[in-house]
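Colleague: what follows is a predicted protein model with its sequence.
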Amino acid sequence: MMKTITYLMALSLAVTLAASAQFEFRNRAETRRLENQTIKLFESIAPAVARAAKGTVEVRVWRKRSGYGTVVAPGKVLAKWSEVRRAVDAVACRTDGGQWLPAKVEGIYRDDDLVMLSVEGLRAEPVILADADGLELGDFLVLARPDGEAASMGVVSVLPRSLRHADRAFLGVQMDLDYDGPGVRIEEVRPNTGAETAGLRPRDIITGMNGKAMNGNFELSSALQRLSPGETISLKFRRGDEQKSARIKLGGRVDPPKISRSRMERMNRLGGQRYNEFRDGFQNVIQSDMQIEPEDCGAPVVNLHGDVVGIAVARAGRIKSFILPSGAVKDHLAEGPEQPAEDEMARIELNDPGELVPWQRREPPLKSMREHMDEMRRFMDQFEEEFGR
């Protein structure tokens with residue numbers, strides 16, 4: 001069964017990538033064929049999310065869905081704190097039977113933007129947290145939702161790492177984002193860093209690190225993200241026609257990377273996507289290219305075997321979502337949450353506890369596959385407009 005799922009996912013993803021890069025939809029039949037393959041793909045991964053979906057609930061703040069929640073113990077739900085804190089007296093979770101139950105804030109895990117909710121009467125089945133240490137780059141991941149379907153899917157693009165600036169290995173250079181390679185051209189060498197000590201200069205072109213060729217900015221950034229401050233690397237670079245090498249001790253970043261605000265905003269607008277307000281500074285997260293909505297955060301993420309390997313904590317970019325590994329979730333549960341300060345929480349005045357949940361309000365349908373396809377087509381059109389020139 002898993003071989004079939006893997007084959008269908010690989011086939012459909014290959015078709016989608018080919019379509020976004022070079023395929024021109026010449027008639028409706030071709031468009032329909034891609035849609036059908038994508039639908040089959042989502043259907044094929046349903047068995048993988050079925051078990052985790054039983055431990056997934058919808059979380060609302062007042063009358064709006066703020067996200068999903070992962071049931072980690074009887075009556076205990078982990079959800080995204082920055083969304084719940086907007087009105088802590090108007091939080092509710094929906095049971096598998098469709099009933100809405102008021103939820104109370106029991107405590108928070110501030111560094112990972114998670115809140116522990118206590119929901120009396122919740123009968124949802126807690127998820128079983130698996131070991132995420134065996135994940136590798138390119139492994140498929142699926143986001144579960146309460147109705148047993150996949151909210152999104154993608155692959156592991158960066159293995160677990162810290163997003164806190166002080167924990168990130170820093171070479172000491174600012175990369176030239178307009179340079180197309182091969183290699184990585186240095187725009188600026190920061191003072192009092194390993195790069196300055198090793199004698200690197202602006203316009204030097206980094207060609208390799210630790211025996212591996214570096215062909216572009218993303219490749220170098222990804223390689224550095226897997227290292228820690230204090231480690232020593234061997235670097236190859238080119239200065240004019242001269243080939244050079246150096247051994248550099250990595251430092252820790254003390255300030256955010258300098259990227260043009262207009263450039264970042266333009267990148268984030270590509271595809272018309274929205275992002276979570278709290279989406280950086282996590283101590284330990286997996287990065288995936290799955291495209292989720294901000295309101296999908298808090299849901300469990302599974303591999304193709306259905307093992308819960310983490311919880312989605314942020315949509316941070318066009319092809320960047322962050323997942324808290326299951327091991328970190330287990331550590332949180334063992335330590336227990338901290339209590340938020342009163343000024344961190346927004347409270348409201350309620351005349352009737354029934355106001356917490358919209359008992360008579362008809363539930364809006366979950367996003368249909370057709371809407372997913374329309375979004376994907378708009379994204380491909382905008383991607384082609386931005387990079388296909």
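Modeller: Nice, I can see it.
Colleague: list of residues touching the host helix or strand of residue 160?
Modeller: Assigned by DSSP states H and E, residue 160 belongs to strand 150-161. Contacts to strand 150-161, defined as CB atoms under 8 Å, 6 or more residues apart in numbering, come from residues 9, 41-42, 45-46, 48-49, 68, 132, 135-145, 168, 222, 225-226, 284-293, 296, 299, 319-321, 325. Placement of C-beta: from N, CA and C, glycine included.
Colleague: what of stretch 193-211?
Modeller: Contacts of stretch 193-211 from elsewhere in the structure, counted by CB under 8 Å, 6+ apart, are 170-173, 179, 182-190, 213-214, 220, 223, 233-239, 243-244, 246-251.
Colleague: do the same with stretch 328-338
Modeller: By CB under 8 Å, 6+ apart, stretch 328-338 touches 72-73, 78, 106-110, 112, 114-116, 129, 283-284, 310-311.
Colleague: buried set for it?
Modeller: Neighbour counts over stretch 328-338 (16 or more other CB atoms under 10 Å) mark 328-329, 332-333, 337 as buried.
Colleague: between those, which is nearest residue 347?
Modeller: residue 337 (18.8 Å; CB to CB).
Colleague: which helix or strand contains the residue nearest to that closest one when sequence neighbours are not counted?
Modeller: Closest residue to residue 337 apart from its sequence neighbours, by CB to CB, 6 or more residues apart in numbering: residue 107 at 2.6 Å. Residue 107 is part of strand 104-109 when elements are defined by DSSP H and E.
Colleague: can you check residue 83 too?
Modeller: helix 81-84.
Colleague: then that helix to CSV, C-alphas only?
Modeller: Provided in CSV are the C-alpha atoms of helix 81-84 (Å, rounded to 0.1, in the frame of the first residue of the first chain):
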residue,chain,number,x,y,z
TRP,A,81,-0.9,30.7,21.1
SER,A,82,-0.6,33.9,19.1
GLU,A,83,-4.0,33.2,17.6
VAL,A,84,-5.8,32.1,20.8
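Colleague: check which helices and strands that helix sits against.
Modeller: Judged by 3 or more CB pairs under 8 Å, 6 or more residues apart in numbering; DSSP states H and E, the packing partners of helix 81-84 are strand 56-61, strand 64-73, strand 104-109, strand 114-118.
Colleague: how about the ones you listed in TSV, adding distance to residue 277, mean neighbour count and mean pLDDT?
Modeller: Below are the helices and strands packed on helix 81-84 laid out as TSV (distance: least, CB to CB, whole Å; neighbours: other CB atoms under 10 Å; pLDDT from 0 to 100):
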stretch	distance to residue 277	mean neighbour count	mean pLDDT
strand 56-61	14	26	95
strand 64-73	12	22	95
strand 104-109	16	18	96
strand 114-118	15	24	97
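Colleague: now tabulate those strands in CSV and tack on distance to residue 195.
Modeller: Listed next are the helices and strands packed on helix 81-84 as CSV, based on distance: least, CB to CB, whole Å:
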stretch, distance to residue 195
strand 56-61, 45
strand 64-73, 41
strand 104-109, 35
strand 114-118, 36
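Colleague: ok, now how distant is residue 159 from residue 148?
Modeller: 29 Å (CB to CB, to the nearest Å).
Colleague: with residue 341 instead?
Modeller: 38 Å.
Colleague: what residue ranges in the chain score low on pLDDT?
Modeller: Scanning the chain for pLDDT under 70 picks out 1-27, 30-31, 34, 37-38, 41-42, 165-166, 254-272, 350-389.
Colleague: residue closest to the middle of it?
Modeller: Residue closest to the mean C-alpha point of the chain, counted by CA atoms, centre = their mean, is residue 321 at 1.5 Å.
Colleague: mind checking which helix or strand residue 52 is in?
Modeller: For residue 52, the host element (DSSP H and E) is helix 46-53.
Colleague: likewise residue 185?
Modeller: strand 184-189.
Colleague: again with residue 327
Modeller: helix 326-335.
Colleague: OK, contacts around residue 283?
Modeller: Counted by CB under 8 Å, 6+ apart, residue 283 has contacts 111-112, 162-164, 167, 328.
Colleague: same thing but at 6 Å, please
Modeller: Shown in contact with residue 283 (CB atoms under 6 Å, 6 or more residues apart in numbering): 111, 162, 164.
Colleague: can you tell me which of those is nearest residue 28?
Modeller: When the contacts of residue 283 are compared against residue 28 (criterion: CB to CB), the nearest one is residue 162, at 48.0 Å.
Colleague: now, of the contacts of residue 283, which are buried?
Modeller: Buried among those (16+ other CB under 10 Å): residue 162.
Colleague: great, nothing more from me.
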